[in-house]
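Colleague: Next input, structure requested:
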Amino acid sequence: MFWNYTMNWNRIKELHAYIRRKLHDVYGSEYIDLKGPLPAHLLSDMWVRFWNNLYRFAEPFSGQTLHRSNPSNEGTNYTVLKMFQTGDAFYAAMGPLQGARNILESFQC
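Modeller: Prediction:
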């Protein structure tokens, strides 16, 4: 149990720090401690399940236009899995780099 918590915390630690800094910029040090936890009442609901209301504070590259993918890729109906498989096939064709298949298999649910 503790190992799971530690593994998940290591995955989201930087996101947590980024959101904490952005909330500090908005609400100030009176409400947000830069070294402490995030106050749940500022995030969303009591269980802090949804962070979508934070997007207006934490949007990366705020005000810039979003870049679309390569126009030749539009309309091809690629999924994330298909993109991964295409990239994997490219690198596998180059030689001994076939370890990515094991990575994909380990993440299958």
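Colleague: Could you list the buried residues of the lengthiest helix in the chain?
Modeller: Secondary structure of the chain per DSSP state H: the longest helix is helix 2-27. Buried positions in helix 2-27, judged by neighbour count with 16 or more other CB atoms under 10 Å: 19, 20, 22, 23, 24. Every C-beta, even on glycine, is put in place using the N, C-alpha and C of the backbone.
Colleague: For the residue lying farthest from the centre of the chain, which three-state class applies?
Modeller: Distance from the C-alpha centroid of the chain, by CA atoms, centre = their mean, peaks at residue 95 (30.9 Å). Under DSSP: H, G, I helix; E, B strand; the rest coil, the three-state class of residue 95 is coil.
Colleague: Can we start the residue count at 626 from this point?
Modeller: Renumbered: residue one is now 626, and that last one reads residue 720.
Colleague: picking up where we left off before, state the mean pLDDT of the longest helix of the chain.
Modeller: Mean per-residue pLDDT for helix 627-652: 84.
Colleague: list the contacts for residue 656?
Modeller: Contact partners of residue 656, counting by CB atoms under 8 Å, 6 or more residues apart in numbering, are 648, 664, 667.
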